[in-house]
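Visitor: Please work out how this folds:
(one chain, ligands or ions: 1)
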Amino acid sequence: MSDPLSHRIEAKRAELIDLTQALIRVPTLNPPGQHYRDICELMQTRLSARGFECEMIRAVGSPGDSDRFPRWNLVARRTGTRPGDCVHFNSHHDVVEIGAGWTRDPFGGALEDDRIYGRGACDMKGGLAASVIAAEAFLEQHPDFAGAIEISATADEESGGYGGVAYLAQQGYFAPERVQHVIIPEPLDKDRICLGHRGGWWAEIETKGEIAHGSMPFLGDCAVRHMGAVLQAFEDRLFPAMASRHTDMPVVPEGARQSTMNINSIHGGQPENPPDFDGLPAHCVPDSCRITIDRRFLVEETADGVRDEVIALLDDLKASRANFDYDIRELNRVIPSMTDRDAPVVTTVAQAIRDMLGTDPTYVASPGSYDQKHIDRIGKLKNCIAYGPGVLELAHKPDEWVGVTDMIDSARVMGRSLEKLLTR
Ligand SMILES: [Zn+2]
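Guide: Sure thing, here's the model as predicted:
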């Protein structure tokens, strides 16, 4: 580490550990969305002391927002001494439930050797802390920088981002005239650049039947058998079609480099009995069966095409199968997003990885989505990547941790990226 910026960042190692621990110790569980204001205030206190103008923004009216669980976001901006681009680091501050299997305090932030443990350590409070340290070291090294640096801590990424980045994008915070480069420090590993993510389409399908006595099913019409025909059509036609579609997106893991679909749930007939009820079922032919599906699609596909493919299959059944009738209800859709490899933020971070880590970056895309979708679709900003410390496979797991050395290294890459973009 011969360069002055790396020295400054390395000198802040203890501060980086403190900040990461302080962030982990605020239990920002989502759902329901706890302590969002506390973590935003922690960030505000720190960044306003370093010359950032801070705005606390509540996503009023977004899903889950209430006086009890308000959706708070922080946007901090530090403007340079001359005109230039704005580089924005966006981290979500919410974390998912703890789950079973922990051997450490999930909100203790224990430091053991090179690891800091806790829910959100890698996803993504470690990334947030690394971006703060990178920006602060850069500001000390280059007080005369051009343009602006923004750091945001945003709500609800784990539940779709509607009370976080989507809301801010609607308010114009990611408009291309305000922000030119976005780095999202999600845990993708310090030498990988994540260009984007697949899309998603969620729907509920219901097949219809007719109730009758179970001893004379021919007098009714079994909705579960109709759903069986739907599932068979998926097996025969939809799954093979999805498996044949390949993508230019470098999705990892490799199994997600094609279209996929999960059937989340199936339910037909009477509701299941509560566990403390040991009576026998009544004898009825089910008149309704429902499934929910989670269809993930590629940048080469469209949400409408994905929907139409499922509807065509259902309509074929309607034409060929006696008494078949269905309803379909779209629950949500998310567009895929992929930034070009020659976009400025990509080439800049790639060169910073080579400079600082002495290795070529690996380009990846995410099987599931993250907040890039909102920056792309609502913010109309294409120059966005995910880059940050931590191992993606640890996200949402027990004993989640982030490596201190990985945070230092990714902070060096982020700081060097700022040098490349804001000191010309
Ligand atoms: Zn995350």
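Visitor: tell me which parts of the stretch 51-200 of the chain are close to the ion?
Guide: Selection of the stretch 51-200 of the chain residues close to the ion by Cβ under 5 Å from the ion yields 123-124, 186. Quick note: C-beta positions are derived from backbone N, CA and C, even for glycine.
Visitor: now do 6 Å
Guide: Applying Cβ under 6 Å from the ion, we find that the stretch 51-200 of the chain lies next to the ion at 92, 123-124, 157, 186.
Visitor: Tally up the residues packed near the residue in the chain that the ion sits nearest to, please.
Guide: Distance from the ion to each residue of the chain (Cβ to the ion) is smallest for Asp123, at 4.1 Å. Residues near Asp123, counting by other Cβ atoms under 10 Å, number 28.
Visitor: For the remainder of this discussion, apply numbering that starts at 9.
Guide: In the new count, where the first residue is 9, that last one comes out as Asp131.
Visitor: Chain neighbours aside, what residue packs nearest to it?
Guide: Ala403 (3.8 Å; Cβ to Cβ, 6 or more residues apart in numbering).
Visitor: if I look at that neighbour, how far off is Asp164?
Guide: Distance from Ala403 to Asp164, counting by Cβ to Cβ, to the nearest Å: 16 Å.
Visitor: who's more crowded, these two?
Guide: Shown here are Ala403 and Asp164; by other Cβ under 10 Å, Asp164 has more neighbours (28 against 18).
Visitor: And that one, what's its pLDDT?
Guide: pLDDT for Asp164: 97.
Visitor: was I right about it contacting Phe77?
Guide: No. At 10.3 Å, Asp164 does not count as touching Phe77 under the criterion of Cβ atoms under 8 Å.
Visitor: Residues that sit against both of the two, list them.
Guide: Applying Cβ atoms under 8 Å, 6 or more residues apart in numbering, one finds that Asp164 and Phe77 are jointly contacted by Gly41.
Visitor: after the helix or strand that contains Asn270 comes which helix or strand?
Guide: Asn270 is located in strand 268-276, with elements delineated by DSSP states H and E. Scanning forward in sequence from strand 268-276 by DSSP H and E, the next helix or strand is strand 296-305.
Visitor: Can you show me the CA trace of that following strand as PDB?
Guide: Output in PDB follows, covering the C-alpha atoms of strand 296-305 (Å, rounded to 0.1, in the frame of the first residue of the first chain):
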ATOM      1  CA  SER A 296     -60.900 -23.500  -5.700                       C
ATOM      2  CA  CYS A 297     -57.100 -24.100  -5.900                       C
ATOM      3  CA  ARG A 298     -54.500 -21.400  -5.800                       C
ATOM      4  CA  ILE A 299     -50.800 -21.200  -6.400                       C
ATOM      5  CA  THR A 300     -48.300 -18.300  -6.200                       C
ATOM      6  CA  ILE A 301     -45.500 -18.300  -8.700                       C
ATOM      7  CA  ASP A 302     -42.100 -16.500  -8.600                       C
ATOM      8  CA  ARG A 303     -40.800 -16.200 -12.100                       C
ATOM      9  CA  ARG A 304     -37.300 -14.700 -12.500                       C
ATOM     10  CA  PHE A 305     -36.400 -13.500 -16.000                       C
END
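Visitor: buried ones in the next helix or strand after that strand?
Guide: Per DSSP H and E, the first helix or strand lying C-terminal to strand 296-305 is helix 311-328. If you call a residue buried by 16 or more other Cβ atoms under 10 Å, then helix 311-328 has these buried ones: 311, 314-315, 317-318, 321-322, 325.
Visitor: All good on my end, thank you.
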